[in-house]
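> This is the structure alone, sequence omitted:
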């Protein structure tokens, strides 16, 4: 029988989960530029008021719930979970059960926080990132 191991929540997420946003943002939008164009077209067509590029970018991120770099995000999530397991002496089965339980309970919360941090990043870096993305949208 595998014993239940309690892992802490996402309340204190280390910075590594959110690191590298500047280096991952532009490549993310380059990879998804077709989806972004379509998203912008649909939102602007359905709105009576103009919507800024920055607002649309944040809406896109929130609706799609995609980290800028999934590989980086998954590695950071793994490190976070391992840090929560600590040095507990667990069998491989117990460790897997604990990780599975953490993912079931907290992965969505971690992803939501990561997406919100990406939106904050866009706010903080709008002066340089929005013009670059607008240039991509024109191509």
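Yep, it's here. Quick caveat: nothing in here was measured; it's all calculated off a predicted structure.

> Buried by neighbour count: which residues of the lowest-mean-pLDDT helix or strand in the chain qualify?
The least trusted helix or strand in the chain, going by mean pLDDT, DSSP states H and E, turns out to be helix 70-85, with a mean of 84. Burial within helix 70-85, assessed by neighbour count using 16 or more other CB atoms under 10 Å, is assigned to 72-73, 76-77, 80-81, 84-85. From N, CA and C alone the C-beta is placed, and that goes for glycine too.

> Show me how far the host helix or strand of residue 62 is from its chain's centre.
Assigned by DSSP states H and E, residue 62 belongs to helix 53-64. The chain centroid and the centroid of helix 53-64 are separated by 12 Å, computed with CA atoms, centre = their mean, to the nearest Å.

> For that helix, list every residue counted as buried.
Residues 53, 56-58, 60-61 are the ones in helix 53-64 that count as buried (16+ other CB under 10 Å).

> what's the closest of those residues to residue 120?
Nearest to residue 120 among these: residue 58, at 9.2 Å, using CB to CB.

> and the closest residue to residue 121 other than its chain neighbours, what does it touch?
Leaving aside its chain neighbours, residue 121 sits nearest to residue 21 (4.4 Å; criterion: CB to CB, 6 or more residues apart in numbering). Going by CB atoms under 8 Å, 6 or more residues apart in numbering, residue 21 touches 68, 117-118, 121.

> What pLDDT is listed against residue 21?
What the model reports for residue 21 is a pLDDT of 83.

> change the start of the numbering to 22 and stick with it
Shifting the count to begin at 22 puts that one at residue 42.

> so how far is residue 155 from the closest residue to residue 61 other than its chain neighbours?
Nearest residue to residue 61, sequence neighbours excluded (CB to CB, 6+ apart): residue 77, at 5.3 Å. Going from residue 77 to residue 155 by CB to CB, to the nearest Å gives 11 Å.

> pLDDT below threshold where in the chain?
Residues of the chain meeting the criterion pLDDT under 70: 22-40, 108-109.

> What is the longest helix of it by residue count?
Longest helix in the chain, counting residues (DSSP state H): helix 113-145.

> which strands and helices sit next to it?
Applying 3 or more CB pairs under 8 Å, 6 or more residues apart in numbering; DSSP states H and E, we find helix 113-145 packed against helix 42-52, helix 74-85, helix 91-106.
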